[in-house]
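Asks: Sequence first, then the predicted structure, then my questions.
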Amino acid sequence: MSLSRRNKPTSWGAALRRDFYKRDTPSVARDLVGKILLHRTRAGAAGGRIVEVEAYLGRMDPASHAYSGLTPRNSPMFGTPGKAYVYFTYGMHYCVNVVTEPEGIPGAILIRALEPLFGIPLMQRRRRTQRIQDLARGPARLTQALGISLKQNEADLTSGALFITDNGEQVPSLVVSGRIGIRKACELPLRFYLPDNPFVSRPGR
DNA sequence: GCTAGGATGCTCT
DNA sequence: GAGCATCCTAGCC
């Protein structure tokens, strides 16, 4: 039975601890798939199961914001693991990452897609669509559905309104592919997603 | 169904 | 000033 058909839990589980994030980025990325991302706001809580992520490394990854070294924008990538790195792109969209690796070593994981589970009416209002499948399929749609903006940049995911929990679900299998939506180093196998899941943004390459 | 192109403004060189 | 970890819509098949 898929998670989406289970009863809604009466309380959220505990947020993942900092040690979870303080590891090498690809390993954290693999383990993030299947976890639950939630954002509590005054308007209500919204979130769902992470079904697609991409790992971005440090100085050795040409596609990473950290490739050229520390800048004001990418400074969260060099900071405390378990915090959020939110950036603004294409003049209108936000994307949310989780910071990985021990402090001082840049690394982040872009959360690309969620399977909506909680606060669906709220997400439908924010996204101005009724289609569940289109609520959080893609990094910019996801941030819009969850009400994430630059205010959430550097938010602590281990204790706060924006957090990730483990519902104990074991992911049966995972697809590894090249990253999408980028021009550099798109061949590196750093994208992880659930196979045959309708909430994944795009098929792999 | 698919594709091309426009929107929009921050960030870095 | 160029590029960008995107999305939406119109137009076409």
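Replies: Received it, and whenever you're ready, just let me know what you need. Numbering: from 1, shown residues only, chains lettered A, B, ... in the order given.
Asks: number of nearby residues for the nearest residue to A:Ala45 once chain neighbours are set aside?
Replies: If you skip the residues right next to it in sequence, A:Ala45 has A:Gly119 as its closest partner in space, 5.2 Å away by C-beta to C-beta, 6 or more residues apart in numbering. No exception for glycine: its C-beta is placed from N, CA and C like everyone else's. The number of residues packed near A:Gly119 is 24, by other C-beta atoms under 10 Å.
Asks: A:Gly119 contacts A:Arg40, doesn't it?
Replies: No. Assessed by C-beta atoms under 8 Å, A:Gly119 is found out of contact with A:Arg40, at 9.1 Å.
Asks: re earlier: list the contacts of the residue nearest to A:Ala45.
Replies: A:44-47 (C-beta atoms under 8 Å, 6 or more residues apart in numbering).
Asks: Considering the residues you listed, which possesses the most neighbours?
Replies: Neighbour counts for these (other C-beta under 10 Å) peak at A:Ala46, which has 28 neighbours.
Asks: May I have the beta-bridge partners of it?
Replies: The residues paired with A:Ala46 through beta bridges, assigned by DSSP bridges, are A:His39.
Asks: Show me the strands in chain A, by range?
Replies: Under the criterion DSSP state E, chain A carries strands at the ranges A:36-41, A:44-56, A:84-89, A:93-99, A:108-118, A:162-165, A:175-177, A:191-193.
Asks: got the angle between the fourth one and strand A:44-56?
Replies: Relative orientation of strand A:93-99 and strand A:44-56, computed by axes from the mean of the first three to the mean of the last three C-alpha atoms, to 10 degrees: 70 degrees.
Asks: Within the sheet, what are the partner strands of strand A:93-99, with directions?
Replies: Using DSSP bridges, the strands paired with strand A:93-99 are strand A:84-89 (antiparallel), strand A:108-118 (antiparallel).
Asks: Would the last one count as contacting DNA strand B?
Replies: Spelled out, that is strand A:108-118. No. Strand A:108-118 is not in contact with DNA strand B by C-beta under 7 Å from any atom of the strand; minimum separation 13.5 Å.
Asks: average pLDDT for that strand?
Replies: In this model, strand A:108-118 has an average pLDDT of 96.
Asks: any bit of that strand sitting next to DNA strand C?
Replies: Yes. Using C-beta under 7 Å from any atom of the strand, strand A:108-118 reaches DNA strand C at A:108, A:110.
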